[in-house]
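[1] got a predicted model here, sequence first, then my questions.
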Amino acid sequence: MGRGRQRAKAARQARDIKYFSPETDLSALERELGAARKQRTAVYEDDFPEPDYSAYADKYADYDDEDNS
């Protein structure tokens, strides 16, 4: 007899959770998303420059892909 009562309670709790809609603080959400956007763009502002490999192009020009058959 206890299992039926337990199942009904679980179903009621699941229904309560499914249809629960708390008040949403949209201004807090906007602040949070704005802060995340600022942090993400700050990372890309400090990009390092691409290294210059042109000196290596002349140095290793003789080492083309050779067929070692």
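    It's in. Treat the numbers as computed from the prediction; the structure is a model and nothing was measured. Residues are numbered from 1 along each chain as shown.

[2] how long is stretch 19-30 end to end?
    Chord length of stretch 19-30, first to last residue, is 24 Å (Cα to Cα, to the nearest Å).

[3] could you give the separation of it from the chain centroid?
    Computed by Cα atoms, centre = their mean, to the nearest Å, the chain-centroid distance of stretch 19-30 equals 22 Å.

[4] could I get the average pLDDT for that stretch?
    Stretch 19-30 shows a mean pLDDT of 88.

[5] least confident secondary structure element in the protein?
    helix 26-45 (a mean of 73; mean pLDDT, DSSP states H and E).

[6] only alpha carbons, please: show whatever helix or strand comes next after it as PDB.
    Per DSSP states H and E, the first helix or strand lying C-terminal to helix 26-45 is helix 54-59. This file holds the C-alpha atoms of helix 54-59, laid out as PDB (Å, rounded to 0.1, in the frame of the first residue of the first chain):
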ATOM      1  CA  SER A  54      59.700  33.800 -43.600                       C
ATOM      2  CA  ALA A  55      63.300  33.200 -42.500                       C
ATOM      3  CA  TYR A  56      62.700  29.500 -42.200                       C
ATOM      4  CA  ALA A  57      61.200  29.300 -45.700                       C
ATOM      5  CA  ASP A  58      64.600  30.100 -47.300                       C
ATOM      6  CA  LYS A  59      66.500  28.000 -44.800                       C
END
